[in-house]
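**Student:** please work out how this folds:
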Amino acid sequence: MMNLKDNAAAPSRTTVRIPTASGDELEAWLYLPEGARVSRLLLAWPPQPRASDALPPGTISHDWNYPPIFRKCDPMMAPREIELKLEIPAEGLRKLERSELLRGNHLPRKGAELVSVYFDTRRLKLRKKSVSLRVRHMDGRHLQTIKRNEPGNGAALSRNEWETEIGGKNPDFEAARGTALEPLLTGKVRRALKPIFETRVRRNVYPVRYDDSDIELSIDEGRIDAGRRSSSLCEVELELKRGKSPALFRLAHQLAKNVPAMLGVKSKADRGYELLIGEASRPVKAFLVDLTPKRSAHAAFQSIARACLHQLCANTGPLRAGDAEGLHQARVSIRRLRAAISLFSTMLHDKQTDRIKRELKWLTGEFGPAREADVFMERAVKPVLEADDKAHGVSKLRDDVQERRNAEFARARSAVDAARFRALALDVATWIETGDWMHSDDARKDLSGKATIVETAAEQLNRHWKKLVKRGKNLDVLSTRQRHKLRIAAKKLRYAIEFFSGVFPGKKAARRRKRFIAGLKELQACLGDLNDIVLNQRISASLVSSATTGECDNAAAWKVFAAGRLCGREEARFSSVMKTATRAHKVFAGAKRFWN
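**Tutor:** Numbering: from 1, shown residues only. Prediction:
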């Protein structure tokens, strides 16, 4: 924590000098209301103050080419580690070490063997509070590191970190004073803390000067051991030592041109915990984004987008393994991100955002057919076989559907293994943190404190609610395309509610929100069912077409019969589902809005 004193007598502009770890002082200007005094501030990024353009009282002077450099500090804040993680296969690490960037520039290299032991209770108390505690042994020294990370924090560009040299291999509780760990250290927790997993890493560190910024490039290769489970570890960390964070991303893009670098969204602690409890290959659902009424719209969008990116990247592993739920959650993350772009569209109207939207649309197209084939198998084919396992032609049709599903999953896997996807993930992270949208007039207005998330949330929820109510009044006469648009509108509203749930606090709002969401869920389920019926009929028709081409008459006839049976079953459900959907829309339209 840093105590700052006023150094200027001017009523509107205050100059402050901030001591750094190296003993130097950084100078910055703060514009404050007359009579206000500076008490405590946290330096979140290396400052680049600019003397031009006087700002209105109550704002912070900073370079518009970079996010605000100060944050108000609470007792649990700490100096923030600013880093970017890239996952690179072992052969890629060798290529990187031989690259012109490292060897060609004759950069000095510092190698070290790092053994890090992570501590927690048997019930993983620290993990549940998003806190990690490790003791690292390196060159005869012991370093205790405590970190606190926001769940779903995308590329984890910045996180709170407290690091202290201690006298032994066990945690030093006195050194945890003033950290995120301190409130958790009850007597019971202190007694229960024990080693739970460890990492053994060979680290080579290169100091890189890039775009007028000092960046520490670390190549880590080793293993994570958690009981009887272990996993290899190959990654590169880029840590900003001095300068601007955009330089991190530009360097990452430069590396990605030479080696297959994938954006890493999981820390070593995340991977260790997943290994410990056997969740390394489990699909990852959407993260709760903790927004408050005081959050700016600018910061709210970044938190939402980071969570979406984290969910997308975290589900590539399950998707590669052929996990249908992993594919589904990856698609959900894309839909949520696209919905967020729509909700914050007043800030996001630049060419870079347009490119991101096009690439997300491409990825949606690569994932869609696999999900459709999976839904057809689970909701159309399997119910018939479960009712009659000897149903003529259906078992052969099932084999065709499984073959199609496998082919479409292979297409989805190829997409996430492609350089295009790796570039997309890095591009999205760059766009979230340092994108061109931050220069828009609306973003600047938001940064100056004139826009709040409450205003944006209420406006967007109201707009999407009205659209859904109006479009669904004549649901039973809508065309297939119109129903599809209505279903998309329902999803957008659902995502908006999930994003903004914390923006409207209070018990009354919570009760209304619960009833509102219940009605929306029912409507969304009915609209999804109507959409599945149409998709299943379309797939059935395509199977008929393939069955009549290149097969003997008898086999083709049975497949056509089976496809017709499935198609008829779906058609028979339509009327009943439509009635339920109409009732659900009526109930939803009458629900009280929780944001008013």
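**Student:** so which residues of the stretch 301-450 of the chain form helices?
**Tutor:** Taking DSSP state H, counting those that start in this stretch, the helices of the stretch 301-450 of the chain run over residues 316-320, 324-343, 351-376, 382-387, 394-417, 419-434, 441-447.
**Student:** helix, strand or coil for Lys241?
**Tutor:** strand (DSSP: H, G, I helix; E, B strand; the rest coil).
**Student:** so what's it scoring on pLDDT?
**Tutor:** Lys241 is assigned 92 on the pLDDT scale.
**Student:** again, but for Lys294
**Tutor:** 88.
**Student:** ok, now how distant is it from Glu455?
**Tutor:** Going from Lys294 to Glu455 by C-beta to C-beta, to the nearest Å gives 12 Å. Quick note: C-beta positions are derived from backbone N, CA and C, even for glycine.
**Student:** and His137, that's in a strand?
**Tutor:** Yes: applying three-state DSSP, one finds His137 inside a strand.
**Student:** you'd agree it is up against Asn170?
**Tutor:** No: using C-beta atoms under 8 Å, His137 is not in contact with Asn170; the gap is 11.6 Å.
**Student:** what is the burial count for Gly590?
**Tutor:** Other residues near Gly590 come to 9 when the count uses other C-beta atoms under 10 Å.
**Student:** quick check, pLDDT for it.
**Tutor:** For Gly590, the pLDDT comes out at 93.
**Student:** now swap in Lys194 and tell me
**Tutor:** Looking at Lys194, its pLDDT is 97.
**Student:** quick check on it: phi, psi?
**Tutor:** Backbone torsions for Lys194, taken as degrees, to the nearest 10, come to phi -150, psi 160.
**Student:** nearest residue to it other than its sequence neighbours?
**Tutor:** In this structure, Lys194 finds its nearest non-sequential neighbour in Phe119, 6.5 Å apart by C-beta to C-beta, 6 or more residues apart in numbering.
**Student:** assign the nearest residue in space to Pro108 that is not next to it in sequence to helix, strand or coil.
**Tutor:** The shortest distance from Pro108 to any non-neighbouring residue, by C-beta to C-beta, 6+ apart, is to Pro207 (6.8 Å). State at Pro207, reduced to three classes by three-state DSSP: strand.
**Student:** OK, contacts around Pro207?
**Tutor:** Leu107, Pro108, Asp214, Ile215, Glu216, Leu217, Lys241 (C-beta atoms under 8 Å, 6 or more residues apart in numbering).
**Student:** which of the residues you listed count as buried?
**Tutor:** Among the contacts of Pro207, the ones that count as buried by 16 or more other C-beta atoms under 10 Å are Ile215, Leu217.
**Student:** make a markdown table from the contacts of Pro207 and add distance to Phe409 and secondary structure to it.
**Tutor:** Formatted as a markdown table, the contacts of Pro207 follow (distance: C-beta to C-beta, whole Å; DSSP: H, G, I helix; E, B strand; the rest coil):
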| residue | distance to Phe409 | secondary structure |
| --- | --- | --- |
| Leu107 | 43 | coil |
| Pro108 | 47 | coil |
| Asp214 | 44 | strand |
| Ile215 | 39 | strand |
| Glu216 | 40 | strand |
| Leu217 | 36 | strand |
| Lys241 | 43 | strand |
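**Student:** any chance of TSV for the contacts of Pro207, columns distance to Lys128?
**Tutor:** Shown next, in TSV, are these (distance: C-beta to C-beta, whole Å):
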residue	distance to Lys128
Leu107	41
Pro108	42
Asp214	36
Ile215	33
Glu216	31
Leu217	33
Lys241	32
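**Student:** of the contacts of Pro207, closest to Lys147?
**Tutor:** Nearest to Lys147 among the contacts of Pro207, counting by C-beta to C-beta, is Glu216 at 17.1 Å.
**Student:** what's the angle from the one helix or strand Asp532 maps to to helix 394-417?
**Tutor:** Assigning secondary structure by DSSP states H and E places Asp532 in helix 507-547. Using axes from the mean of the first three to the mean of the last three C-alpha atoms, to 10 degrees, the direction of helix 507-547 lies 120 degrees away from that of helix 394-417.
**Student:** which strands and helices lie in contact with helix 507-547?
**Tutor:** Counting by 3 or more C-beta pairs under 8 Å, 6 or more residues apart in numbering; DSSP states H and E, the packing neighbours recorded for helix 507-547 are helix 351-376, helix 394-417, helix 480-499, helix 553-589.
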